[in-house]
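Peer 1: Sharing a sequence plus its predicted fold:
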Amino acid sequence: MSTQTSELLAAAAPRTVDVVRGISDDQLDRPTPCSDYLVRDLLNHLFQVVVNFQDLAQKRQVEWAEKPDHLGDGWRDRFEVETGRLIAAWSDPSSVEGMSPRMPMPQSVIGGMALLDLTVHGWDLAVATGQPYHPAPEAVAELHTLVEQLGPTARKMGVFADPVAHPAPTPTPDLAPPLDLAYLLTQTGRTPTWPTTP
């Protein structure tokens with residue numbers, strides 16, 4: 001990535017933290033653009049990403065099979081704390097050096113995957129709960145290249161759905177994501193005009 005991973009995470013994370021803070025308890029069972037996830041499921045997934053990618057920055061083993069429930073008391077505050085730890089973990093220059101011992105790809109790509117989840121799932125949670133979302137432009141620009149690089153393998157593994165043809169302009173343009181974000185969403189199998197929940 002042409003910009004330091006920690007700088008991009010620092011730009012992207014507060015925007016997703018704001019969305020997470022804006023989610024009320026009565027919205028946890030709403031659907032999301034990730035068809036297998038309700039809001040609570042996606043929050044738990046994103047929590048796990050934020051925690052596990054701290055260890056991946058240090059080239060340590062992580063556990064994905066366990067699915068702990070992170071939504072106990074104070075979960076909004078804890079999410080912000082954990083994203084701060086994520087940024088700090090990737091600020092160590094050694095975090096982006098060499099190949100990952102856990103995944104067959106460069107460490108810099110691993111850091112980009114954390115950025116991708118924070119950015120795209122930030123949008124998922126925002127539209128699912130009727131909130132505005134304005135991703136960090138510098139993060140979106142970097143992620144275009146990453147998604148093109150990872151796309152074929154990610155689709156084979158079921159991480160991304162097939163690309164979505166860019167839809168016609170939404171009749172409510174104030175809800176439409178910017179074109180650069182819309183492209184990123186379509187390449188990860190999302191429909192940029194996915195409706196907010198009434």
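Peer 2: Structure received. What you are looking at is a predicted structure, and each value in this text was computed from that prediction instead of being measured. Residues are numbered from 1 along each chain as shown.
Peer 1: which SSE is the residue most central in space within the chain in?
Peer 2: Central residue of the chain (CA atoms, centre = their mean): Asp117, 1.9 Å from the mean position. Per DSSP states H and E: Asp117 is located in helix 107-128.
Peer 1: And the residue nearest to the centre of the chain, how far from Ala65?
Peer 2: From Asp117 across to Ala65, the span is 18 Å (CB to CB, to the nearest Å). C-beta coordinates here come from the backbone N, C-alpha and C atoms, glycine included.
Peer 1: cool, Leu116 as well?
Peer 2: 21 Å.
Peer 1: These two: who's more crowded?
Peer 2: More crowded of Leu116 and Ala65, by other CB atoms under 10 Å: Leu116, with 22 against 4.
Peer 1: Packing partners of the helix or strand of the chain with the lowest mean pLDDT?
Peer 2: Evaluated with mean pLDDT, DSSP states H and E, the helix-and-strand set of the chain has its lowest mean pLDDT in helix 137-156, which scores a mean of 76. Under the contact criterion of 3 or more CB pairs under 8 Å, 6 or more residues apart in numbering; DSSP states H and E, helix 137-156 touches helix 5-21, helix 107-128, helix 179-187.
Peer 1: elements contacting the helix holding Asp117?
Peer 2: helix 5-21, helix 39-57, helix 75-90, helix 137-156, helix 179-187.
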